[in-house]
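Asks: Could you look at this predicted model? Sequence included:
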Amino acid sequence: MNTGVGVTASALREMALNGLRQGDAPLAEQYFARLLEQVPDDAEALQFVASRHVARGDASRALAMLTAAVRAHPDHPDLLHQLGVVQTIAGDLTGAAASLRRCVDIAPNMFVARLRLGITLEQLGDMHRALLAYFGAVNSAQAEGRWMSDATTAPGLRQSVQHAMRFIDAGRRRTFDAVLQPLRERYGRHELSRVEDCLAIYLGERQAQIPDARQKPKFLYFPGIPSQPYYGTERFPWQADLQAATDVIREELMSVLAENRPLEPFLGEQSVEELQGHLRSSGVQPAAWDAYFFYRHGERFDDHHARCPRTSAVLERVPLVRIRDHAPETLFSILRPGTHILPHRGVTNTRLVTHLPLIVPPDCAINVGGELHEWKEGRCVTFDDTFEHEAWNRSDTTRVVVIMDSWNPDLTEVERVAVTDLVEAIGDFNRASEVAVLSG
């Protein structure tokens with residue numbers, strides 16, 4: 001048998017890998033060890049030989065090897081992950097947490113490392129950070145179709161994943177209960193009964209009983225209020241002043257368009273392929289949905305307010321939803337000729353969407369829940385975007401409406417306060433878990 005004497009590093013690696021393919025771990029270890037004589041900091045060889053030491057119960061030797069490996073490769077997530085595992089075996093939980101934390105900072109989608117970080121933090125008694133790590137692990141895994149059931153969970157991880165899910169359920173309930181508790185004490189549980197039901201549905205503790213099958217919120221369903229695609233203007237006294245300002249707002253819009261500066265795509269910068277599931281063109285021009293934001297996700301666009309001061313003044317008088325990092329969302333929505341916004345749904349029925357049409361060429365309309373509405377300049381239309389909806393401009397000129405979000409009028413003032421506090425807390429929690437979780 002060739003012992004590797006005088007053999008190149010690449011040949012030794014191939015012989016080691018061939019040993020692995022044959023299921024001969026001792027042979028693979030032999031060649032990886034020879035490889036390390038030539039390349040002492042080879043990450044792949046260090047990982048494998050260290051794993052063999054662990055398998056033989058020699059954690060201290062594996063620890064020394066992996067510590068040296070991480071020193072040579074400080075940004076190698078697999079080495080950091082393995083070092084964290086061995087540090088746990090050796091009883092160094094603080095060191096293990098630091099290594100695993102570094103690993104997921106570098107490679108956020110390594111959900112098994114996140115799971116082990118959660119386990120380590122729980123053992124250290126850091127329950128809140130353990131909760132965040134577990135939540136991040138489960139969401140990262142499920143985003144890839146893993147950990148959806150026992151069948152999609154590796155047998156060796158099932159018990160830990162099930163524990164993490166129980167920990168998440170209890171921890172999130174505890175976290176969001178703490179948000180609502182001051183309001184319970186101030187207003188009483190009766191005033192918050194629908195909010196309590198809303199939270200239970202969000203946490204998956206009970207099934208949403210939505211009376212209209214067309215309505216499917218993507219994030220937060222608030223029960224006990226009517227389900228309807230459109231709302232009459234009589235529900236919103238402030239719309240009279242908004243409609244009266246149509247000409248003033250349109251004048252400032254025309255000045256913005258006359259500057260011929262690039263506008264921001266409403267859906268962000270995406271390739272043609274990425275936009276295919278969102279927009280479609282029925283004409284010769286590419287589909288385009290542009291925006292001139294006054295607010296987005298609660299962020300104020302000061303330059304745009306200054307550029308359109310009369311529009312800004314009108315919008316600031318509207319009772320917009322104001323939730324940190326989430327709302328309001330207010331803009332000139334500019335739909336180019338031939339553009340079709342494909343069917344989609346919004347995040348929550350706690351707020352409604354209002355359009356003030358400014359420029360409406362023929363053959364432009366919106367369809368909410370299968371009910372068609374043709375915009376008329378200067379006349380507001382308000383709808384619940386948790387119903388599937390779509391819009392199109394089949395003309396050869398641009399269509400522009402002002403979009404704004406306002407509270408659903410069937411929520412009480414106390415409920416609006418509670419929803420604000422709850423959505424902000426959910427957003428903070430999701431961001432702290434370091435994974436993308438839809439939160440309105």
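Replies: That came through fine. Bear in mind the structure is a predicted one, so any value in this text is a computation, not a measurement.
Asks: What ranges in the protein fall below the confidence cut-off?
Replies: For the chain, applying pLDDT under 70 flags the ranges 1-6, 435-440.
Asks: what domains does the record give for it?
Replies: 9-170, 230-410 (automatic domain parsing).
Asks: Report the separation between the two terminal residues of the longest one.
Replies: Yep, that's domain 230-410 we're talking about. Domain 230-410 has an end-to-end distance of 13 Å (Cα to Cα, to the nearest Å).
Asks: Hmm, residue 115 is touching residue 157, no?
Replies: Yes: in this structure, residue 115 is within contact of residue 157 by Cβ atoms under 8 Å, at 7.1 Å. To be clear about C-beta, it is placed using only N, CA and C from the backbone, and glycine gets the same treatment.
Asks: With neighbour numbers in mind, choose between these two.
Replies: More crowded of residue 115 and residue 157, by other Cβ atoms under 10 Å: residue 115, with 25 against 17.
Asks: Phi first, then psi, for the more buried one.
Replies: phi -60, psi -50 (degrees, to the nearest 10).
Asks: just to revisit the earlier point, mind giving me TSV with the domains of the chain and columns for distance to residue 222?
Replies: Converted to TSV, the domains of the chain look like this (distance: least, Cβ to Cβ, whole Å):
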stretch	distance to residue 222
domain 9-170	21
domain 230-410	5
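Asks: Looking at the ones you listed, which is nearest to residue 416?
Replies: domain 230-410 (5.5 Å; Cβ to Cβ).
Asks: Pretty sure residue 220 sits against residue 202.
Replies: Yes: the criterion here is Cβ under 8 Å, and residue 220 meets it with residue 202 at 5.8 Å.
Asks: where do the contact lists of the two overlap?
Replies: By Cβ atoms under 8 Å, 6 or more residues apart in numbering, residue 220 and residue 202 have these common neighbours: residue 426.
Asks: circling back to that earlier point, closest one to residue 198 among the domains of the chain?
Replies: Taking Cβ to Cβ, domain 230-410 is the member of the domains of the chain nearest to residue 198, at 8.1 Å.
Asks: check which helix or strand covers residue 315.
Replies: Element membership of residue 315 [criterion: DSSP states H and E] is helix 309-317.
Asks: cool, residue 250 as well?
Replies: Assigned by DSSP H and E, residue 250 belongs to helix 246-258.
Asks: How about residue 45?
Replies: Counting by DSSP H and E, residue 45 is part of helix 43-55.
Asks: List the buried residues for that helix?
Replies: 45, 46, 47, 48, 49, 50, 51, 52, 53, 54 (16 or more other Cβ atoms under 10 Å).
Asks: Tell me how far the residue nearest to the fifth one when sequence neighbours are not counted lies from residue 328.
Replies: Counting by Cβ to Cβ, 6 or more residues apart in numbering, the nearest residue to residue 49 once its immediate chain neighbours are dropped is residue 32, at 5.3 Å. As judged by Cβ to Cβ, to the nearest Å, residue 32 and residue 328 stand 59 Å apart.
Asks: Lovely, talk soon.
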